[in-house]
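**Q** A structural model of the following input is requested.
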Amino acid sequence: MNRITEKQLQCVVDRINTVTGNPMNSWEQVTESSGKRRNIAQVGNYHLDWAYGGVMLIQMYNAGGGIVTITGRGTKRECYDQLQAFLRGIEAPKVA
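**A** Just a heads-up that it's a prediction; the model follows:
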């Protein structure tokens, strides 16, 4: 069994964002007219959350940076399998 890399996981997440029409980045930095910079959450963006030796897929839920958990936290292999299943579900043709 081949080892799953962070790059492979990110490629699947990028594909999910592309297929769903969501932003590719979770935050965008903007400069206000006063010259002050601030970050704005990109609602809808799917991204990976790394913590406690595991990884999971989350989605940016609101402008304040709130998130929704899509998959459970697990190993890179477990996450990869869940991402692939999630992507297949999104891409599956609609049954009439």
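
**Q** Is Met56 within a helix or a strand, and which one?
**A** strand 54-60 (DSSP states H and E).

**Q** Please name every helix or strand in contact with that strand.
**A** With contacts taken as 3 or more C-beta pairs under 8 Å, 6 or more residues apart in numbering; DSSP states H and E, strand 54-60 sits against helix 6-20, strand 46-51, strand 67-69, helix 76-91. C-beta coordinates here come from the backbone N, C-alpha and C atoms, glycine included.

**Q** Can you list the neighbours in contact with the last one?
**A** Contact with helix 76-91 is made by 1, 3-6, 8-9, 12-13, 15-16, 19-20, 48, 54-57, 70-72, 74, as judged by C-beta atoms under 8 Å, 6 or more residues apart in numbering.

**Q** gap between that helix and the chain center?
**A** Mean-position distance between helix 76-91 and its chain equals 12 Å (C-alpha atoms, centre = their mean, to the nearest Å).

**Q** Okay, buried residues for it please.
**A** Within helix 76-91, the residues scored as buried using 16 or more other C-beta atoms under 10 Å are 76, 78-80, 82-83, 86-87.

**Q** No more questions from me, cheers.
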